[in-house]
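Asker: Just need the structure, nothing else, for what follows:
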Amino acid sequence: MPSPMPEFEMPSARPTVEAEVDDEPHSEHAGLDAAPRDDDRSVEGARRRRLVVGAVLAAALAVVALAVGIAQAVQRHAHSLANEAVTAAAADYLTAIAEGRGDDASALVPVEGDAPLLTDAALADAERIDRFGVGAVELDGDAATVEVSYRAGQRSAERRLQAVREGDGWRIVTSLAEPVRLDAMQSVALPAYLGVDLGGDSPTLLYPGVYAADPVEHALVDFGPLALVVDGDPSTSVVSEPRVWRVDEEVVEAARERALAHALACGAVQACPRGGAGATLGDFTSMAPVAGGIVELDVPVSVPGAAGDVRVAVRARADGAGGIDWECSGPAVLDPAGEEHAWEACR
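Answerer: Here you go, the predicted structure:
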């Protein structure tokens, strides 16, 4: 019988060793691994916060800049509108005067007191301003100053006018009406314009321009128109051209006749210092109006043997009844320095 097969015992399976994996980090490394991740999160958060703050600041600055820009634009626009309004107000005022619209000019810039010559009628007969213009405007809140220029006759003028804000507009408050007060011309009569005296106790207002004062017939003297140049500046004087005046030829001839008669009469009685016997009339008679409508005439006479120019002074005064009172002085040698006449009734 066959021998039995030997029995073998299979070796027992080697136990499998399963490594226990500890999900938790080793205690000594845990702190090192966790700390960097927390710092990263903090840095990232800070960075994000800075970005947000920066964006907000940038937006705020942009809004402020926009607001400032808008405010400046509004201010510039308001300044431009005010400048234009003041310029227009000044131009309207000058235009009214230049066009002879005195009533409109006085309505635009009122004046105090009575102003009978700031009218259309007064400017109608005047040589009005021309070449006028408006210059720089200076704004100061609700007040302004504007430069204007114009020409009155041959006289150029520049003025600075004040203006004030009224509601939504501007009004000029400096008037160009100039107070005019003249003395009696040749001590005879006050100049007048349209029947209004340009002198006396109070001045009369006139807009800039050239005015021809009324002619005057005063006693024995006729005064022609007087040209007055008014430039609208109270700090300068009114310019007046020499006034033409005349004495009637009949009065002059009557004065010459009385001068010769007086010289001859003095010579006949030897009552005059220079004598007058054989006196004859010279050619030229000078004259001048004086106070009270009196005319004084120097009548040349030729006296034989007299050294120098001999003259007889004659004074003519209207007597109020259509006649003339006569007085004479001389004959006397003409004294260039002037001398007081010894007046007496003409002989």
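Asker: Helices of this structure, residue ranges please.
Answerer: For the chain, the helices defined by DSSP state H occupy 27-98, 102-108, 120-124, 249-269.
Asker: Leaving out sequence neighbours, find the closest residue to residue 83.
Answerer: In this structure, residue 83 finds its nearest non-sequential neighbour in residue 137, 4.9 Å apart by C-beta to C-beta, 6 or more residues apart in numbering. For glycine as for every other residue, the C-beta is placed from the backbone atoms N, C-alpha and C.
Asker: Could you check how far the one you found is from residue 171?
Answerer: Noted for residue 137: a distance of 14 Å to residue 171, by C-beta to C-beta, to the nearest Å.
Asker: and if you look at residue 232?
Answerer: As it turns out, when the distance is counted by C-beta to C-beta, residue 232 lies 18 Å from residue 171.
Asker: More neighbours: the two, which one.
Answerer: Set residue 232 next to residue 171 and count neighbours by other C-beta atoms under 10 Å: residue 232 wins out with 21 against 17.
Asker: Correct me if wrong: that one contacts residue 152.
Answerer: Yes: here residue 232 reaches residue 152: they are 7.0 Å apart, a contact under C-beta atoms under 8 Å.
Asker: Mutual contacts of those two, please.
Answerer: Contact criterion C-beta atoms under 8 Å, 6 or more residues apart in numbering; residues bridging residue 232 and residue 152 by contacting each: 129, 208.
Asker: in the sheet, who's paired with residue 240?
Answerer: With beta bridges defined as DSSP bridges, residue 240 has these partners: residue 228.
Asker: So what's the residue count around it?
Answerer: 18.
Asker: what's near enough to touch it?
Answerer: Contacts for residue 240 were tallied using C-beta under 8 Å, 6+ apart; they are 182, 191, 226-229.
Asker: same thing with residue 99?
Answerer: Applying C-beta under 8 Å, 6+ apart as the definition, the contact partners of residue 99 turn out to be residue 128.
Asker: Give me the pLDDT value at it.
Answerer: pLDDT, the model's per-residue confidence, is 96 for residue 99.
Asker: what's the answer for residue 128, then?
Answerer: Among the per-residue scores, residue 128 holds a pLDDT of 95.
Asker: so how far is residue 151 from it?
Answerer: Taken as C-beta to C-beta, the span from residue 128 to residue 151 is 10 Å.
Asker: Once you drop chain neighbours, what's closest to the spatially most central residue of the chain?
Answerer: Most central residue of the chain, judged by C-alpha distance to the mean C-alpha position with C-alpha atoms, centre = their mean, is residue 159 at 2.2 Å. The shortest distance from residue 159 to any residue that is not its chain neighbour, by C-beta to C-beta, 6+ apart, is 5.4 Å, and that residue is residue 148.
Asker: can you count the residues close to that neighbour?
Answerer: Residues near residue 148, counting by other C-beta under 10 Å, number 22.
Asker: pretty sure it contacts residue 134?
Answerer: Yes: with contacts defined as C-beta under 8 Å, residue 148 counts as touching residue 134 at a distance of 5.5 Å.
Asker: any shared contact partners between these two?
Answerer: Residues touching both residue 148 and residue 134 by C-beta under 8 Å, 6+ apart: 90, 94.
Asker: Confirm for me that residue 102 is in contact with residue 126.
Answerer: No: Residue 102 is beyond contact range of residue 126, at 9.3 Å (criterion: C-beta under 8 Å).
Asker: Determine the residues that are contacts of both of those two.
Answerer: Common contact partners of residue 102 and residue 126 (C-beta under 8 Å, 6+ apart): residue 207.
Asker: confidence score at residue 229?
Answerer: According to the model, residue 229 scores 91 on pLDDT.
Asker: shift numbering so it begins at 543
Answerer: Got it, the first residue is 543 from now on, which makes the last one we talked about residue 771.
Asker: Quick check: the gap between the nearest residue in space to it that is not next to it in sequence and residue 701.
Answerer: With C-beta to C-beta, 6+ apart as the criterion, residue 771 has its nearest non-adjacent residue at 4.0 Å, and that residue is residue 781. When C-beta to C-beta is the yardstick, residue 781 and residue 701 sit 17 Å from each other.
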